[in-house]
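Student: mind folding the following:
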Amino acid sequence: MKIQSLHVGMSVRHPQYGLGTVKTISESTADILFTEGKRTVAPDAAGLEPAEAQVAVSGLNVPLKLFIEQTLEAAVRELGLEQPDCVVEKLGLRWHGGKLVMHPDDPTLQTKEVPLETFFHKVVMVRNNLRVLEQKINAHEKLTDGEKVEMQQYITRCYGSLTTFNILFKEKEDQF
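Tutor: The predicted structure follows:
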């Protein structure tokens, strides 16, 4: 492995010392912290290999900053980590600025008001987290097909219970 391929914090594998983390890099050597202590090695001669997935991007037709922004936006969407401001766009127009008011049966207790934008964001986050859970169940290598189907049935029931909130969505395709 060439010294130019290393970066501080990178996980590497040494044929003799095992897994380690790059701590510093000089012109021809790197200080690597292994389980048994820090060693200075010459990556070319030592047979050092990356211990983590590597990627090389060539022929990039967009600025790197734009590429990174688009990649992060896609990851945030896929993981269901949207910010409340992004979710409000999906709230039906008639609900903007509205509030959810909860009145307890006991008149001595205080009424609770929640902005509909906040409530809607929480509902959408539950939906997004259910989608991530569904993907993780389907991709889990230790679950049997029967166990996956059983867990999917619980998720389907959750989606069914959440259809009550479909009235809040602007677009039909965003609903449960």
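Student: mean confidence for the helix ranked longest in the chain?
Tutor: Using DSSP state H to define each element, the chain has its longest helix at helix 116-139. For helix 116-139, mean pLDDT is 88.
Student: what helices and strands are in contact with it?
Tutor: With contacts taken as 3 or more C-beta pairs under 8 Å, 6 or more residues apart in numbering; DSSP states H and E, helix 116-139 sits against helix 84-88, strand 99-102, helix 145-162. Where you see a C-beta, it was placed from the backbone N, CA and C, and this is true even at glycine.
Student: so for this structure, the centremost residue is which one?
Tutor: For the chain, the residue sitting closest to the mean C-alpha position, by C-alpha atoms, centre = their mean, is Leu79 at 4.0 Å.
Student: next up, the contacts around that residue.
Tutor: By C-beta atoms under 8 Å, 6 or more residues apart in numbering, Leu79 lies in contact with 128, 132.
Student: now do 10 Å
Tutor: Counting by C-beta atoms under 10 Å, 6 or more residues apart in numbering, Leu79 touches 128-129, 131-132, 135.
Student: now distance to Leu6 and neighbour count too, for those, in JSON lines please.
Tutor: Putting the contacts of Leu79 into JSON lines (distance: C-beta to C-beta, whole Å; neighbours: other C-beta atoms under 10 Å) gives the following:
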{"residue": "Asn128", "distance to Leu6": "37", "neighbour count": "17"}
{"residue": "Asn129", "distance to Leu6": "37", "neighbour count": "13"}
{"residue": "Arg131", "distance to Leu6": "38", "neighbour count": "15"}
{"residue": "Val132", "distance to Leu6": "34", "neighbour count": "13"}
{"residue": "Gln135", "distance to Leu6": "34", "neighbour count": "12"}
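Student: which of these sits closest to Ala45?
Tutor: Checking the contacts of Leu79 against Ala45 with C-beta to C-beta, the nearest one is Gln135 at 43.6 Å.
Student: still on that earlier bit, buried residues of the longest helix of the chain, list them for me.
Tutor: Judged by neighbour count (16 or more other C-beta atoms under 10 Å), helix 116-139 contains these buried residues: 116-117, 119-121, 123-124, 126-128, 130, 133-134, 137.
Student: let's have those in a markdown table, adding distance to Val8.
Tutor: Compiled in a markdown table, those are given as follows (distance: C-beta to C-beta, whole Å):
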| residue | distance to Val8 |
| --- | --- |
| Leu116 | 47 |
| Glu117 | 42 |
| Phe119 | 45 |
| Phe120 | 43 |
| His121 | 38 |
| Val123 | 43 |
| Val124 | 39 |
| Val126 | 39 |
| Arg127 | 40 |
| Asn128 | 34 |
| Leu130 | 39 |
| Leu133 | 35 |
| Glu134 | 38 |
| Ile137 | 37 |
